[in-house]
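J.: All I have is the shape, not the residue letters:
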């Protein structure tokens, strides 16, 4: 299986970062603490609501094996 040098769609953390950036860009970042808290909150929402890692596993693992 050919894998290009940079494949963000094959890396689950890239998908999570994409969701975090999408949400954070709408806020005025008042401080580092605010950014940290917002990032943690968004990360937890992303993991619990969208199940990015499950979707990734369902999509790509069968193609590899």
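T.: Yep, that arrived. None of these values were measured; they are calculated from a predicted model. Residues are numbered from 1 along each chain as shown.

J.: what about this protein, any weak spots by pLDDT?
T.: Along the chain, the model assigns pLDDT under 70 to residues 1-4, 7, 9-10, 49-65.

J.: So which residues of it form helices?
T.: 12-24, 32-45, 52-64 (DSSP state H).

J.: Next, the angle from the longest one to helix 12-24.
T.: With axes from the mean of the first three to the mean of the last three CA atoms, to 10 degrees applied, the angle from helix 32-45 to helix 12-24 works out at 120 degrees.

J.: so what does helix 32-45 touch, helix or strand wise?
T.: If you count contacts as 3 or more CB pairs under 8 Å, 6 or more residues apart in numbering; DSSP states H and E, helix 32-45 packs onto helix 12-24. Heads up, the C-betas are built off the backbone N, CA and C, glycines and all.

J.: Enumerate the positions of the helix it packs on that are buried.
T.: Using 16 or more other CB atoms under 10 Å as the test for burial, helix 12-24 gives 15-16, 19-20.

J.: now these in TSV, with distance to residue 31?
T.: Output for the buried residues of helix 12-24, formatted as TSV (distance: CB to CB, whole Å):
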residue	distance to residue 31
15	27
16	23
19	22
20	18
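
J.: Please identify which pair of the residues you listed lies farthest apart.
T.: Farthest pair in the buried residues of helix 12-24 (CB to CB) is 15 and 20. Separation: 9.9 Å.

J.: Which one of the buried residues of helix 12-24 is nearest to residue 39?
T.: Nearest to residue 39 among those: residue 20, at 6.1 Å, using CB to CB.

J.: need the contact list for the residue nearest to that closest one when sequence neighbours are not counted.
T.: Spatially, and ignoring its direct neighbours in sequence, residue 20 is nearest to residue 42 (4.8 Å; CB to CB, 6 or more residues apart in numbering). Residue 42 is in contact with 19-20, 23-24, counting by CB atoms under 8 Å, 6 or more residues apart in numbering.
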